[in-house]
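S.K.: coordinates only, no sequence provided:
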């Protein structure tokens, strides 16, 4: 019964992150450069990893393509599952290291039932997993500057986390309000950052990057016809955030939007195929811009 509850809850991870984009595929602004220009100008590159539950495995494929292209990421930002991946990468794990983690991961490894009146589940195990992989570290100590997006559930303000415990920051960015127990940081109750910025481009702008590579896992994910009231409510939320996400992702220079329609947001056994899908889409887009 516990496994069924956890699986249902994680299907709701799209409450905060599953935000539809335009039917028109647009890989960012009219920007492109040659390899010579890239290396000569020493452009500062930032990477934004969006939310998307299990679909987040596609981020690993994107990282593989970036590494194969020899693109050095100067700073990175993540929302929800994107924050989880960003934290690992910022502290020195490469795409293969993160792939090994994802392929051996189960929902019970990162979540558990909560006895709090603030949420049904706790993602405390996620914080423990991060500490196991990168140590008991603070965000400000990462080799690659990293930012994670969360939302203050009291004030409904966007909170950009760039300092403090890395594991706890990841927990905050992935805590679905009403489902997961909010994470308290500096006196603020924080929940999933997908509510306020599912593809975290704004922190990279603040960091002064020259080129923003963004990954949107949900824009081309076609949804099936809703079958119950819960799905209708979730879809209504998605529709209400549609315009905001469209506007935010337009600030990306390179926008990678893999079509993940064939995948669901619960089954972790899809990890290998999701990684490959993210890799192939990233190759296609990066080849277009780094000619």
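M.R.: Yep, that arrived. All values reported here derive from a predicted model rather than from experimental measurement. Residues are numbered from 1 along each chain as shown.
S.K.: what's near enough to touch the spatially closest residue to residue 59 that is not a sequence neighbour?
M.R.: The shortest distance from residue 59 to any non-neighbouring residue, by Cβ to Cβ, 6 or more residues apart in numbering, is to residue 85 (4.6 Å). For every residue, glycine as well, the C-beta is placed using N, CA and C. For residue 85, the contacting residues are 49, 56, 59-60, 63, 78, 98, by Cβ atoms under 8 Å, 6 or more residues apart in numbering.
S.K.: in helices, which of the residues you listed appear?
M.R.: When the contacts of residue 85 are checked against helices (DSSP state H), the matches are 59-60, 63, 98.
S.K.: and the top strand by length along the chain, which strands flank it?
M.R.: Of all the elements of type strand in the chain, the one with the most residues (DSSP state E) is strand 146-152. According to DSSP bridges, strand 146-152 forms sheet pairs with strand 75-79 (parallel), strand 158-161 (antiparallel), strand 188-192 (antiparallel).
S.K.: the strands in the chain, which residues?
M.R.: With DSSP E as the criterion, the chain has strands spanning 45-49, 75-79, 112-113, 119-122, 146-152, 158-161, 178-180, 183-185, 188-192, 211-215, 254-256.
S.K.: okay, now residue 255: neighbour count?
M.R.: Burial measure for residue 255: 24 neighbouring residues, criterion other Cβ atoms under 10 Å.
S.K.: go ahead and confirm it touches residue 214.
M.R.: Yes - if you go by Cβ atoms under 8 Å, residue 255 and residue 214 touch, sitting 5.2 Å apart.
S.K.: and which of the contacts of residue 85 is nearest residue 142?
M.R.: Minimum separation from residue 142 among the contacts of residue 85 (Cβ to Cβ) is found for residue 78, which lies at 11.8 Å.
S.K.: okay, and the beta partners of that closest one?
M.R.: Assigned bridge partners for residue 78, using DSSP bridges, are residue 49, residue 148.
S.K.: number of nearby residues for it?
M.R.: Residue 78 is surrounded by 34 other residues when neighbours are defined as other Cβ under 10 Å.
S.K.: do residue 55 as well
M.R.: When neighbours are counted by other Cβ under 10 Å, residue 55 registers 26.
S.K.: and what of residue 184?
M.R.: Other residues within reach of residue 184, judged by other Cβ under 10 Å, total 12.
S.K.: flag the shaky bits of the stretch 151-291 of the chain, pLDDT-wise.
M.R.: For the stretch 151-291 of the chain, the stretches flagged by pLDDT under 70 are 220-243, 265-266, 291.
S.K.: can you map out the helices along it?
M.R.: Across the stretch 151-291 of the chain, reading from the start of the chain, the helices by DSSP state H, counting those that start in this stretch fall at 166-173, 202-206, 229-249, 271-289.
S.K.: quick one: buried residues of the second one?
M.R.: When you say that, I think you mean helix 202-206. When burial is assessed from 16 or more other Cβ atoms under 10 Å, helix 202-206 yields the following buried residues: 202-204.
S.K.: just the residues contacting that helix, thanks.
M.R.: By Cβ under 8 Å, 6+ apart, the list of residues contacting helix 202-206 from outside reads 46-48, 75, 77, 147, 149, 158, 160, 162, 212, 248, 251.
S.K.: among those residues, name the buried ones.
M.R.: Listed as buried from the contacts of helix 202-206 are 46-48, 75, 77, 147, 149, 158, 160, 162, 212, 248, 251; burial here means 16+ other Cβ under 10 Å.
S.K.: can I get those residues in CSV with distance to residue 68?
M.R.: Putting the buried ones among the contacts of helix 202-206 into CSV (distance: Cβ to Cβ, whole Å) gives the following:
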residue, distance to residue 68
46, 19
47, 15
48, 20
75, 20
77, 22
147, 25
149, 27
158, 33
160, 30
162, 28
212, 20
248, 28
251, 26
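S.K.: between the residues you listed, which sits nearest residue 273?
M.R.: The shortest separation between residue 273 and any of the buried ones among the contacts of helix 202-206 is 22.2 Å, and it belongs to residue 47 (by Cβ to Cβ).
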